[in-house]
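Undergrad: build me a structure from this.
(2 chains, ligands or ions: 2)
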Amino acid sequence: MTGKERLLRALEKRGVRHIFGYTGGAIMPVFDCMDKLGIFKFVMSRHEQGATFMAQGVSRASLSTDDPQVGVCMATSGPGAMNLTTGIADAHMDSVPMLAITGQVATGVIATDAFQESDVVGVMMPICKQTYMPLEADEIEKTVHEAFYVATTGRPGPVLLDIPKDILNQQVSKDYKFSLENLRPNLPGFFYHPTPARAPVKKALELINRSERPVIFCGHGVISSNAGKLLQALAEKAKIPVAFTLHGLSAMPADHPLSLGMMGMHGTVEANRAISEADLLISFGMRFDDRVTGKLNEYAQKADVIHVEIDPSEIDKNVATTVAINADVYRTLHVLVGDPMLTAKPRRRWHARIDEFRQVMADDLRTEIKGGLGDEGKLLMKTIVSQLSDMTQGQDIIVPDVGQHQMMAARFYNYQTPNSWFASGGAGTMGASLPMAIGVKLVRPDERVWSISGDGGFQMNMQELGTIMEHKIDVKIMIFNNGYLGMVRQWQTLFFDGRYAGTPMLSPDYGQIASAYGIPYRKIQTLEQIAPAIKEAIDLKGAIILEFICDPSEIILPMIPAGGGFDDMIVKRPMPQKKGGKK
Amino acid sequence: MKRRAILAYLLDHPGVLQKVSMLIRKKMYNVDTLTVCKSRKPGISRMTITLREDDEARVSQVIHQLEKFTEVISAKELDTEHSYWREAAIIKIEIDSAQLEALRSEYKFEILDYKNHDTHIIQIAGSTRKIDAFVAQLGEEHIVEISRTGVAALEK
Ligand SMILES: Cc1ncc(C[n+]2csc(CCOP(=O)(O)OP(=O)(O)O)c2C)c(N)n1
Ligand SMILES: [Mg+2]
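TA: Ligands and ions are numbered 1, 2, ... in the order given. Next comes the predicted model:
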């Protein structure tokens, strides 16, 4: 029995079924062994970055199923491993469990600048939850199990295993024994406090009962711990409105009467205004990142803060807490909801005030969505997303890329299915959507999956159409083609006097691209074409590409400028700026 | 800025020191000294970091971030009131013997070596302030080479 076989057997034991990756000199013994064993479905990406996002898709989408899995990606040494960095850094920012396995040059030549040698552990250390380099075949199996434990326990994150080629091929020792049941990883420094302490919970309940203007924050931790139902129960029991972080979306139905929608830079008026007037923020599983808070010294000045968070280093990092509960979100919500001390206050004035906030942009948005066309007479993204939402009753899975279309998808799809929104948030990696949607579809085969990209992001990983073709992956691909790096263009419109430097962009003929991969394609240019195209995609079994010709002038509002406070929120479209740039 | 000392116990694993130094760089902490030695327990090292920071929240961030590493078993701040902070220095100095004796009666250092009649190697231990004062009084022009250990700290 060799190291590589122990490696694969350990993955099997951990319930891994898909392996995403790309072969090469240092990892090929593992691929060879994988082929012989025949226990995994190997999905070859067309670029190693694609494999990382596919693996992320598996982890993110399966955590709410009966069969949660950790996504696994594999690459060879040197360039293969380096191509993994973006997707690993992305998983690290978004607390996504993942296992990356790289082959390394043989121990005999390590540190000699051997062919395709790079210091993978050195590069990955700051962007991984943990990194390992086993130096004996006997260590491999134990290390894989420890890696899974670390990746999934507490705040999840990516873990890297860099294994020299000779160690992969090495025979385990004669008296090698391993038993998972008896495995006790030696991690004296790994702290994990899932159970909330009684004292802060009591204090939190007092604050909740006393507050007149509370807001609940639903963060990624609610999704990661599958606590959406409990959060909704808390909100309903205590009659408290809920604002969502980008990653908290879909934890609760988006049209729930207590939902304020997304908070932060492109959050709704009602969420952001409610936060600035609140007297209590009850936040679950989030890290108060700058896209959420804006200028910190102006943030929620009137509010006490209850912060429930599994990672102690996030508590008091950006926002000072009144009550800190360092525990698992699910368990804490379970205790809070079940506590007889929790009272229901009608808080009529607060809800009336929030209804006022809801009206600020409601008419403008309704008119815009209904009109459906921008200044140049092309389609509006918000109209497309709204129609998609209506036609799918908000039941489908949305995997956006990064940019304006992402914010539109966050704001205007009426999420009904728990854990149905998967986005690159903390890193905001363009190109994430297409490969991530592949991973998502593999673990949620019975649900419809929409990958929505801009023309910029789509071109970053469109080579993965090859993977879709080869494995017949049924993802519905939408390209919102506005001829620009739209989100950057929006900043240029608002803050750079309309000079469009480095943002106009030509696209290839996506129809020809689609046909080269044998994927059906529709181009949608008018309002009347939207519904039939979506209907066709829904009815079709298999992948399809829908290219929507979108209006570059559309902007996503409201917007809190970077570094600004909530009072700087832009809710009205500014007067048209002077023209610039090539287009 | 206020001087702080942080004491941490950590697994003696490859790469831990790199993680700590990367953390210092990433978070832009103002670190003065970092010392690592074996602890009484095999496999566990003892690390003392001194840094300059006025902001309490940033200090507790250092501690939280250190504790986040699976290799770090515990970390805490040592305050000046309840702990000793000491360092040692070995200094090669060029000075005449009379001056050296005068300094010795004040600073109580040990002479390790006479290179020749006016070059000596001495060893001095004490608080950072004491060593700073000694160096200042000696004067840069008399110092050929100096090696300081960084701060070791122990609770009372
Ligand atoms: C890999 C990467 N490079 C650059 C950026 C900066 N960026 C953020 S959004 C954006 C524009 C995206 O354009 P597009 O994909 O066309 O989407 P749109 O905003 O037009 O909907 C850019 C360049 C990024 N987030 N990721
Ligand atoms: Mg675009």
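Undergrad: A:Glu536: how many residues sit nearby?
TA: As a burial measure, A:Glu536 scores 14 neighbours (other CB atoms under 10 Å in any protein chain shown). (Glycine included, C-beta is placed from N, CA and C.)
Undergrad: ok, it - contacts?
TA: By CB atoms under 8 Å, 6 or more residues apart in numbering or on different chains, A:Glu536 lies in contact with A:Arg522, A:Ile544.
Undergrad: which residues touch residue 96?
TA: Using chain A here. With CB under 8 Å, 6+ apart, A:Val96 has these contacts: A:Gln56, A:Ser59, A:Arg60, A:Gly71, A:Asp90, A:Pro156, A:Gly157, A:Pro158.
Undergrad: try chain B instead
TA: By CB under 8 Å, 6+ apart, the neighbours of B:Asp96 are B:His117, B:Asp118.
Undergrad: now do it against A:Asp175, distance only.
TA: 69 Å (CB to CB, to the nearest Å).
Undergrad: can you check A:Leu365 too?
TA: For A:Leu365 relative to A:Asp175 (CB to CB), the value is 70 Å.
Undergrad: more crowded one of these two?
TA: Using other CB under 10 Å as the criterion, A:Leu365 and A:Asp175 rank with A:Leu365 on top: 17 against 6.
Undergrad: what's around the nearest residue to the more buried one once chain neighbours are set aside, how many residues?
TA: Leaving aside its sequence neighbours, A:Leu365 sits nearest to A:Lys382 (CB to CB, 6 or more residues apart in numbering or on different chains; 7.4 Å). When neighbours are counted by other CB under 10 Å, A:Lys382 registers 21.
Undergrad: what do you get for B:Glu155?
TA: Residues near B:Glu155, counting by other CB under 10 Å: 10.
Undergrad: in chain B, which helix or strand is least confident?
TA: strand B:110-116 (a mean of 86; mean pLDDT, DSSP states H and E).
Undergrad: tell me the strands beside that strand, with direction?
TA: Applying DSSP bridges, strand B:110-116 is found paired with strand B:119-126 (antiparallel).
Undergrad: export the partner strand as CSV, just CAs?
TA: Provided in CSV are the C-alpha atoms of strand B:119-126 (Å, rounded to 0.1, in the frame of the first residue of the first chain):
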residue,chain,number,x,y,z
THR,B,119,39.0,46.3,23.3
HIS,B,120,36.7,44.3,25.6
ILE,B,121,33.7,42.1,25.2
ILE,B,122,31.2,42.5,28.0
GLN,B,123,27.9,41.0,28.9
ILE,B,124,25.1,43.0,30.4
ALA,B,125,21.6,42.0,31.5
GLY,B,126,18.7,43.9,32.8
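Undergrad: for it, the distance to its chain's centre please.
TA: Mean C-alpha position of strand B:119-126 versus that of the full chain (CA atoms, centre = their mean, to the nearest Å) differs by 16 Å.
Undergrad: report the closest residue of chain B relative to chain A.
TA: B:His64 (3.6 Å; CB to the nearest CB).
Undergrad: can you pull out the low-pLDDT segments for chain A?
TA: A:575-583 (pLDDT under 70).
Undergrad: let's go with 50 and repeat that
TA: For chain A, residues meeting the criterion pLDDT under 50 lie at A:580-583.
Undergrad: for it, identify the residue most remote from the centre.
TA: A:Lys174 (44.7 Å; CA atoms, centre = their mean).
Undergrad: now do chain B
TA: Outermost residue of chain B (CA atoms, centre = their mean): B:His117, 30.8 Å.
Undergrad: would you mind measuring from that residue to ligand 1?
TA: 68 Å (CB to the nearest ligand atom, to the nearest Å).
Undergrad: next, give phi and psi for that residue.
TA: For B:His117, the backbone dihedrals (degrees, to the nearest 10) come out as phi -60, psi -30.
Undergrad: please work out how many residues are found near the nearest residue to it once chain neighbours are set aside.
TA: Using CB to CB, 6+ apart and skipping the chain neighbours, the partner closest in space to B:His117 is B:Ser97 (7.1 Å). The number of residues packed near B:Ser97 is 12, by other CB under 10 Å.
Undergrad: got phi/psi on B:Ser97?
TA: Dihedral angles (degrees, to the nearest 10) for B:Ser97: phi -60, psi -40.
Undergrad: repeat that for A:Asp67.
TA: According to degrees, to the nearest 10, A:Asp67 has phi -130, psi 70.
Undergrad: same question, B:Ser74
TA: Backbone dihedrals for B:Ser74, given as degrees, to the nearest 10, come out at phi -160, psi 160.
Undergrad: in the stretch 151-300 of chain A, which residue sits closest to ligand 1?
TA: A:His266 (11.5 Å; CB to the nearest ligand atom).
Undergrad: can I get the helix ranked longest in chain B in PDB? Just the C-alpha atoms.
TA: Scanning chain B for the helix with the most residues, using DSSP state H, yields helix B:56-68. Provided in PDB are the C-alpha atoms of helix B:56-68 (Å, rounded to 0.1, in the frame of the first residue of the first chain):
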ATOM      1  CA  GLU B  56      -6.100  48.200  23.500                       C
ATOM      2  CA  ALA B  57      -8.300  46.800  20.800                       C
ATOM      3  CA  ARG B  58      -5.400  46.300  18.500                       C
ATOM      4  CA  VAL B  59      -3.500  44.500  21.300                       C
ATOM      5  CA  SER B  60      -6.400  42.100  21.900                       C
ATOM      6  CA  GLN B  61      -6.500  41.600  18.100                       C
ATOM      7  CA  VAL B  62      -2.800  40.400  18.200                       C
ATOM      8  CA  ILE B  63      -3.800  37.900  20.900                       C
ATOM      9  CA  HIS B  64      -6.900  36.700  19.100                       C
ATOM     10  CA  GLN B  65      -5.100  36.400  15.800                       C
ATOM     11  CA  LEU B  66      -2.200  34.400  17.500                       C
ATOM     12  CA  GLU B  67      -4.700  32.100  19.200                       C
ATOM     13  CA  LYS B  68      -6.400  31.500  15.800                       C
END
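Undergrad: can you pull out the strands in chain B?
TA: B:3-11, B:31-38, B:44-52, B:72-78, B:83-94, B:110-116, B:119-126, B:143-148, B:152-155 (DSSP state E).
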